[in-house]
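[1] A structural model of the following input is requested.
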Amino acid sequence: MSRVAVVTGSNKGIGLACIRALCRQLKPDDVVYLTARNPELGKKAVADLEKEGLKPRFHQLDISNKASVEALRDHLKKEHGGLDILINNAAIAYKDEDPAPFAEQAKVTNDINYFKTAQVFHTLSPLLRANARVVNVASFVANWTWGKMEENVKEKFRHLSKEEELDKIVKEFVDLATTGEHTKHGFPNTSYGFSKVAVAAMTKLQDQEMQKDSKRSGIIVYSADPGYVKTDMSSQGGDKTTDEGADTLVWLALRTENAIEGRGEMFSDRKINKVIL
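    Purely as a prediction, here's the structure:
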């Protein structure tokens, strides 16, 4: 049976590099979906990869639009009957010089990077086949952010048992940011960093849920830190190329059936890099 892979936000940057690597490393009859909000940009990215001799397929996907996510789910179910690899790469980050108020940045960033990423997982996870791999893209910034959080907030993360509890923590951060009181309650002063701590925590919970599925054995959920990569998000200021940034993500996505070490954790440069300590 052919394997099916999806990478969200993959018409450029790290996502595009993931598509390139998957096309090169999977078998010729496997299917790799490049997705983008803008169909024109997505199709252009596919055409560019075709010039390299690669054959990804395109499907429109806006993770902020539930109907768009459901359309992808329905397509995958109809055409392939399942999904084997999901790399949740789509994300947002405000520039340092962005004039948007912190309250706005906290709301928008955590809505996309946490809530909408979770929605993609919950919509597509029923399609995951046995031994499927899910990779949620986190960041080394999560480690730095964890160090900026007070113990009262860290304790909340340490004792999570279900995703609804994590939802409440993220909502609390966003609500406190609205009034400018987030740091008074032990939260960090970074909306992007906090969103990636939440992604790391979400990953652990999602993996725990997958372990309970007796009908589909071997499904593993990881999070991955690409590192500081030269992309639009970093204003081209990184020290890694996009292909280098994609390496750990794709490595996790292609880990063998018995490679269960570090499940639910974040990896950096192919090594476990725990965020929640």
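[2] by contact count, what packs against the longest strand along the chain?
    Assignment by DSSP state E gives strand 128-137 as the longest strand of the chain. Applying 3 or more Cβ pairs under 8 Å, 6 or more residues apart in numbering; DSSP states H and E, one finds that strand 128-137 contacts strand 83-88, helix 117-124, helix 191-211, strand 220-225, helix 242-253. Any C-beta I mention is one placed from the backbone N, CA and C, and that applies to glycine too.
[3] For it, buried residues please.
    Of all the residues in strand 128-137, those buried under the rule 16 or more other Cβ atoms under 10 Å are Leu128, Arg129, Asn131, Ala132, Arg133, Val134, Val135, Asn136, Val137.
[4] where does this structure dip in pLDDT?
    232-237 (pLDDT under 70).
[5] And the strands in it?
    Under DSSP E, the chain gives strands at 4-7, 31-36, 57-60, 83-88, 128-137, 220-225, 266-268, 271-272.
[6] Can you give me the buried ones in the third one?
    Right, strand 57-60. For strand 57-60, by 16+ other Cβ under 10 Å, it's Phe58, His59, Gln60.
[7] Mind putting those residues into a markdown table with distance to Leu49?
    As requested, the buried residues of strand 57-60 are exported to a markdown table (distance: Cβ to Cβ, whole Å):
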| residue | distance to Leu49 |
| --- | --- |
| Phe58 | 10 |
| His59 | 15 |
| Gln60 | 17 |
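[8] quick check, nearest of these to Glu172?
    Gln60 (33.7 Å; Cβ to Cβ).
[9] residues in contact with the closest one?
    Thr35, Ala36, Arg37, Pro39, Gly42, Ser68, Ala71, Leu72 (Cβ atoms under 8 Å, 6 or more residues apart in numbering).
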